[in-house]
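Student: quick one: sequence plus predicted model below, questions after.
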Amino acid sequence: MITPDGVITEYTVPTADSYPLDITAGSDGALWFTELSTGIIGRITTSGTITETPRATGTAGWSLPVGITSGPDGNLWITDDASVGIDRMTTAGASTQFSVNDPNAALWGITTGPDGNLWYAQQGDDEVGSMTTDGTVTQAIFLPAAYASPWDVVTGPDSNLWVTENGSGNLAVITP
């Protein structure tokens, strides 16, 4: 058994069975996280104060927030698998939803790319998509591995996009 050298503090999310999934640092100095099973976006300060923002229902009639990242515009960007859209949310809670125009996308991870666009994993069709901060979908890149099922995407220190392929067991690197 390995024990930590530091102190671990855990904070209970106010909504039971909310399934916190992804987390990012916001431009307001707090951390923001998705609550997958409740459609809520949570905010926690570094002192442990948690507030929750219920999501507006999307085109599917409910919300399923999965991935979250801080955008280059200071807003939070959230993949919503239920509505197959991407939400832009201010740190004050105002939200705008953009469609990726692909009903099979199954959106998961999202990151700000080195080009200033938002890049997101489209698990349902084995692609990684790109969107500008005004909501314009710019491209979708097909991953060549059979059943790639991309789960997450991050910008690496080499300014490339790194993608976990949950279905194929691979890692992919995309040079934007």
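Tutor: Nice, I can see it. Everything numeric in this text was worked out from a predicted model, so none of it was measured.
Student: residues of the helix or strand harbouring residue 53 that come out buried?
Tutor: Residue 53 belongs to strand 50-54 when assigned by DSSP states H and E. Within strand 50-54, the residues scored as buried using 16 or more other C-beta atoms under 10 Å are 50, 52-53. C-beta here means a position set from N, CA and C on the backbone, and glycine is covered the same way.
Student: show me the residue at the heart of this protein, geometrically.
Tutor: The residue lying closest to the centre of the chain (C-alpha atoms, centre = their mean) is residue 67, at 1.9 Å.
Student: are we agreed that it is in a strand?
Tutor: Yes - counting by DSSP: H, G, I helix; E, B strand; the rest coil, residue 67 is found in a strand.
Student: confirm for me that it is in contact with residue 79.
Tutor: Yes - contact criterion C-beta atoms under 8 Å: residue 67 and residue 79 qualify, at 4.3 Å.
Student: between the two, which contacts overlap?
Tutor: Taking C-beta atoms under 8 Å, 6 or more residues apart in numbering as the criterion, residue 67 and residue 79 both touch 107-110, 120-121.
Student: okay, now residue 6: neighbour count?
Tutor: By other C-beta atoms under 10 Å, the residues close to residue 6 number 5.
Student: just the one 3 residues further on next, same as before
Tutor: The tally of other residues near residue 9 (other C-beta under 10 Å) stands at 6.
Student: residue 171 versus the nearest residue to it once chain neighbours are set aside, what's the distance?
Tutor: Of all residues not flanking residue 9 in the chain, residue 48 sits nearest, at 7.2 Å (C-beta to C-beta, 6 or more residues apart in numbering). Noted for residue 48: a distance of 34 Å to residue 171, by C-beta to C-beta, to the nearest Å.
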